[in-house]
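> A structural model of the following input is requested.
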Amino acid sequence: MQRFSLTNKTFTIGINQYPPFIRIDVDGSTILGGFEIKILYLLRDYFNFSTKFINTHDNYGKLLTNGTWTGMFGNLTTNQMDLSISGAVISDDRIRNNISFLHPHWQEQYTFATLPPRMVRSHNIDIFLRPFEMNVWLALFIMLILLNLINIFVSLYFRKNNIQQIKQDHHHKHHLPWSFSIRLLLNQSYHWSYWNRMAISMKFILITWSFAILILNQHYVSFLFAFISLSPTMPAIDSIEKLEKECLKKNVEIFVDSGSFMSSALKRTKDPIMKNIHRCLTAISNERGIIPPQMLYDDYTSNYNELNQQKQEHQKVMKRRSKKRWKQYAYINSKSRLTYALLILGPGSIYIPALNDDFRTTLLLTHVAIPTSPSFRPYRHSFERV
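The predicted structure follows:
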């Protein structure tokens, strides 16, 4: 194949900070690395063209009602830029509205990350209620009431029919079924002096209740002892369904990058779970940060540019937060971006359920490619062949 030479050609390249695809220094003038920028350098060395870089500062652009784009995509459609190195994703909106791409070079999984499962105070009074869900407690309460009502009805029936046996055992009136049930629930011994003189139906009810209480008692005690002896944590949000559930309970705040296609993608979906997650989204500006500053700082300020500063501050915050409860956050982004953040901040800094290759955590599967301008069309075929 004859090499296509572009010795006298200079391409204007738009860049956006988006590690690990491209990393840019703090002042935005020097490219530090990234595997997408390496692709560009290989193409540049192969075709011998020159480059001019323009930092668009995380402004990918929005589609206006008149069909035109703002930001980086607007510069591409008006031929003010030839290419963009920014980890851009191929989406329906972009394809339908005059954005062209080279062949995809990466398949991306969009997922979420949270802070590590939260520590909780073991001395909270609700520790005694956690072993059972509220519907279990409600069922126990109703059963105790029913047993007491059954006992009352049986006693009234015997008294109405003047049964001598009840008169003889009247001094045992404190030995009622509900008292027996409570003693059994509390794992206390109990002796019922007139058990042999009970009706078969009452014996059946109490035997059934005894087996149920035995199972509930063992579950309650084992859960409570385990909770006290082990370091207590809130359950991890390890699926989209759990993320939606915590979102609806307002237990988690979900961040997404301002201008990200994920917001519009979740808005257009017909999946009710995704729609609920979309209602909880908070758009943030996060050009320099690898994860939202709200997840790094107790008191958020705009001074969070340096990666080393982020790492050190995050470690300090995690030590303080490990001693108390704190608000839970989630951040929706690509798996590559979140994994890079985990490598920079260190193990235990954030929790990424998608690292288990569980597609229950996948919000969207996409392809990453380099967007091009209309004026770049004559060169596309040669670039794609390489």
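> tell me which element residue 254 falls in.
strand 252-257 (DSSP states H and E).
> what does that strand contact?
Residues from elsewhere that reach strand 252-257, judged by CB atoms under 8 Å, 6 or more residues apart in numbering: 58, 112, 114, 237, 243, 246-247, 262-263, 277, 280-286, 292, 294-295, 327-333. (C-beta placed from N, C-alpha, C; glycine too.)
> Quick check: buried residues in stretch 89-97?
By neighbour count on 16 or more other CB atoms under 10 Å, the buried set for stretch 89-97 is 89, 90, 91, 94.
> what's the answer for stretch 30-42, then?
Buried positions in stretch 30-42, judged by neighbour count with 16+ other CB under 10 Å: 31, 34, 36, 37, 39, 40.
> do the same with stretch 244-252
244, 246, 247, 252.
> average pLDDT across it?
Averaging pLDDT along stretch 244-252 yields 90.
> Just the residues contacting stretch 51-61, thanks.
Here stretch 51-61 has contacts from 10-17, 24, 28-29, 31, 40, 44, 69-75, 81, 84, 86, 88, 257-261, 285-287, using CB under 8 Å, 6+ apart.
> which residues of the stretch 201-350 of the chain score low on pLDDT?
Applying pLDDT under 70 to the stretch 201-350 of the chain picks out residues 201-203, 205, 227, 230-234, 287-289, 297-326.
> For it, just list every one of the helices.
Using DSSP state H, counting those that start in this stretch, the helices of the stretch 201-350 of the chain run over 240-248, 261-268, 272-279, 307-321, 335-345.
> Any chance of those in TSV with distance to residue 142 as columns?
Shown next, in TSV, are those (distance: least, CB to CB, whole Å):
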stretch	distance to residue 142
helix 240-248	26
helix 261-268	41
helix 272-279	32
helix 307-321	40
helix 335-345	46
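> Looking at the ones you listed, which is nearest to residue 141?
helix 240-248 (25.2 Å; CB to CB).
> which helices and strands sit right next to that closest one?
If you count contacts as 3 or more CB pairs under 8 Å, 6 or more residues apart in numbering; DSSP states H and E, helix 240-248 packs onto strand 252-257, helix 272-279.
> Try it again at 10 Å.
strand 106-114, strand 252-257, helix 272-279, strand 328-334 (3 or more CB pairs under 10 Å, 6 or more residues apart in numbering; DSSP states H and E).
> Good, we can wrap up now.
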